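1. Generate a structure from the sequence data that follows.
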Amino acid sequence: MKGRRILALAGGVGGGKLARGLAAVLPADELTLVVNTADDFVHLGLHICPDIDSVLYALADLNDPERGWGLAGETWSFMAAMERLKGETWFRLGDRDLATHVLRTQELKTGKSLSDVCAIIARRLGIAHRVMPMSDDPVRSIVETDEGPLDFQDWFVRRQCKPAFRGVTFQGAADARPSAAFREALDEADAVVLTPSNPFVSIDPILALPGVREALRRPGRPVVAVSPIVGGHAVKGPLANMLRELGHEPTALSVAQHYGPLVDGWIVDNVDIGLVPAIERLGHQVRVCNTMMHTLDDKRALAQDALELVLELSAVQVS
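-> Residues are numbered from 1 along each chain as shown. Alright, predicted model coming up:
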């Protein structure tokens, strides 16, 4: 992959894991990570960026592998004190994690952009690779449910995904612009990797920004995606139930159908080898490997598989 610039779109736990793998095999000047911000919100007066923080903590090897979110070794004195005072405790903020949100909120209040603040935090965490928000403009995921529309965090955390999922809209997306660094990456990238993040609420918000989907389809630039569904189950999060509630089977094939012709090549887990012919009939090249990322070696190996598929597709497109 020497000399090739990779743009990866990410969000949440799966995105953070593959981001860590890509960062382990690519130098800093060959990888740009763009992260969903449509689940950002203000809570207790603080600007919270769940997907950005999941990716940053994973890259810095600070994430909690058991919970899948937040910082390892976290303590909860702040939340205990909030509970004693009968404050809002439905969205849990750990003591160490709180510092990130306080710093971000302070820096934003000085007039810095979210891109600026993301770069500051990444640098202070010792992250060399470029990590940026999809936009410096506000975009918010509104989940359509059988009980009506809900803000994403209300549905995902407060209501624990119990109202049935009927779809999602991205408030503000039509008027938002990709961040300046994202626009630069769209111009310069030789290939794109869609990490195994939830397509509906982590990747689709990025694709909803004006011009992004069209830019990703630039001729000669392959787009490779890693399935977030393995053996009929979401590795993490509510994706399998979301697909069922929309009337689809929770399979790698359903996710491939969702993205459609945007993606050139798919990576699916070994347990889903039986789906390969159906995915290939959609016009995609498929690579089968282990996609479960339990260790850094797993993350590195999956990243390498994704990059090898990029090279294969690049060779085909050039010929």
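
2. In what element of secondary structure is Arg218 found?
-> Element membership for Arg218 (DSSP states H and E) is empty, with no helix or strand holding it.

3. since we're on it, how many residues are nearby?
-> Residues near Arg218, counting by other Cβ atoms under 10 Å, number 13. Where C-beta positions appear, they are placed from N, C-alpha and C, glycine not excepted.

4. And the one 5 residues further on, by the same measure?
-> Here the number of neighbours of Val223 (other Cβ under 10 Å) works out to 23.

5. the longest helix in the chain is where?
-> helix 296-318 (DSSP state H).

6. what comes up buried for that one?
-> 299-307, 309-310, 312-314 (16 or more other Cβ atoms under 10 Å).

7. any chance of those in a markdown table, with pLDDT and distance to Pro149 too?
-> Formatted as a markdown table, those follow (pLDDT from 0 to 100; distance: Cβ to Cβ, whole Å):
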| residue | pLDDT | distance to Pro149 |
| --- | --- | --- |
| Lys299 | 97 | 36 |
| Arg300 | 98 | 41 |
| Ala301 | 98 | 41 |
| Leu302 | 98 | 36 |
| Ala303 | 98 | 37 |
| Gln304 | 97 | 41 |
| Asp305 | 97 | 39 |
| Ala306 | 97 | 35 |
| Leu307 | 97 | 40 |
| Leu309 | 97 | 38 |
| Val310 | 96 | 38 |
| Glu312 | 94 | 42 |
| Leu313 | 94 | 39 |
| Ser314 | 87 | 42 |
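
8. Quick check: buried residues in stretch 24-43?
-> Going by neighbour count (16+ other Cβ under 10 Å), the buried part of stretch 24-43 is 25-26, 30-41.

9. is it true that Val117 touches Glu107?
-> Yes: if you go by Cβ atoms under 8 Å, Val117 and Glu107 touch, sitting 4.5 Å apart.

10. Helix, strand or coil: sort out Ala8 for me.
-> strand (DSSP: H, G, I helix; E, B strand; the rest coil).
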